[in-house]
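Student: let me see the structure of the following:
(one chain, ligands or ions: 2)
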Amino acid sequence: MWKGVEHAFNPVGGLHHAHPDRASGFCIFNDPALCIAYLKKKYGLKKIMYLDIDAHHGDGVMYGFYSDPSVLDIDFHEDGRYLFPGTGFTNEIGEGEGRGYKVNIPVPPFTYDEPYLNAFREVVPKLTRAYEPEIVLMQCGADSHANDLLAHLDLTTHAYGEIVSTIHRLSHEVCDGRLVVLGGGGYNLGNAVRCWTVAFNELAEARPAEEIPKEWLDLYRNLGEGEPPRFLHDKPEPRKRDEEMLKHIAGIVADLQKRIPMLSKT
Ligand SMILES: [Zn+2]
Ligand SMILES: [Zn+2]
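Tutor: Ligands and ions are numbered 1, 2, ... in the order given. This is a model prediction of the structure:
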């Protein structure tokens, strides 16, 4: 199937809201769902893992395979009570044979790196190792980054780096590195391109200079988007720990550990 290629990266993919019978949320065709359906039909895959970190819940993918245990869907997103499409709660765990294979982590507005990564570290490696997928698809929406124009999360490029490097490592551990990373939302141009550059570098194991090349800065200015960012990564800034948020997100993880057998403590 791969002929020497381990990882693929398509930053213009990840249109996770489209449904079989209708377009939705800037998405006409749901490329991750079509990719999953194609992998099942053409290659007969039985265990496909889909990880979605876009700020918006990947409703088209989740409901498209809601009763299908051959798709493990793990979706981190801003709580649907505050953001489109208003779905993706912890009690949505799949139905019929698909029960226990849909995992939603709805985080509150303004969630920042520490509580988000606490949940990611508790949930993702454990599920990946328990499920042992044949391939991993990741929707790497950049709108979970701080200062996005459509969402309210507060992640930095460092969180994107850790997330992609973790899933990269896990893909080598469980499925010979078969990993497809897709883009998704991202409505602050300077942040979206930095998140996706960080993601690509993790897959390519490249370490480019922190300073963004002058040619790119000129290109950005010509687009009329204002002053471009000068560095690839966000500057680490000390921030006060939000104990209430840390507790809230630990509670989401505890809730999932009760609902999802692959995550259960016992
Ligand atoms: Zn989005
Ligand atoms: Zn690799």
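
Student: for the residue in the stretch 151-266 of the chain that ligand 1 sits nearest to, which non-adjacent residue is closest in space?
Tutor: Taking CB to the ion, ligand 1 has its nearest neighbour within the stretch 151-266 of the chain at Gly185, 2.6 Å off. In this view, the C-beta of every residue, glycine as well, is placed from N, C-alpha and C. Spatially, and ignoring its direct neighbours in sequence, Gly185 is nearest to Asp143 (3.7 Å; CB to CB, 6 or more residues apart in numbering).

Student: could you give the number of residues near Met262?
Tutor: By other CB atoms under 10 Å, the residues close to Met262 number 17.

Student: buried stuff in the helix or strand harbouring Leu219?
Tutor: Per DSSP states H and E, Leu219 falls inside helix 214-222. Neighbour-count burial for helix 214-222, counted by 16 or more other CB atoms under 10 Å, picks out Tyr220.

Student: contact partners for the residue nearest the centre of the chain?
Tutor: Centroid-nearest residue in the chain, with CA atoms, centre = their mean: Ile53, separated by 2.2 Å. When contacts are counted by CB atoms under 8 Å, 6 or more residues apart in numbering, Ile53 touches 76-77, 138-141, 144, 163.

Student: burial count for Ala130?
Tutor: Residues near Ala130, counting by other CB under 10 Å, number 14.

Student: kindly report the same for Ala199.
Tutor: Using other CB under 10 Å as the criterion, Ala199 is surrounded by 27 other residues.

Student: repeat that for the one 4 residues further on.
Tutor: When neighbours are counted by other CB under 10 Å, Leu203 registers 20.

Student: quick one: it and Phe9 touch, right?
Tutor: Yes. In this structure, Leu203 is within contact of Phe9 by CB atoms under 8 Å, at 5.9 Å.

Student: anything in contact with each of those two?
Tutor: Residues touching both Leu203 and Phe9 (CB under 8 Å, 6+ apart) are Val181.

Student: mind checking what secondary structure the residue of the stretch 151-266 of the chain closest to ligand 1 has?
Tutor: The assignment at Gly185 comes out as coil when based on DSSP: H, G, I helix; E, B strand; the rest coil.

Student: check contacts around the residue in the stretch 1-150 of the chain that ligand 1 sits nearest to.
Tutor: Here the stretch 1-150 of the chain gets closest to ligand 1 at one residue, His56, 3.5 Å apart by CB to the ion. Shown in contact with His56 (CB under 8 Å, 6+ apart): 16-17, 25, 77-78, 83-85, 141, 143, 151, 185.
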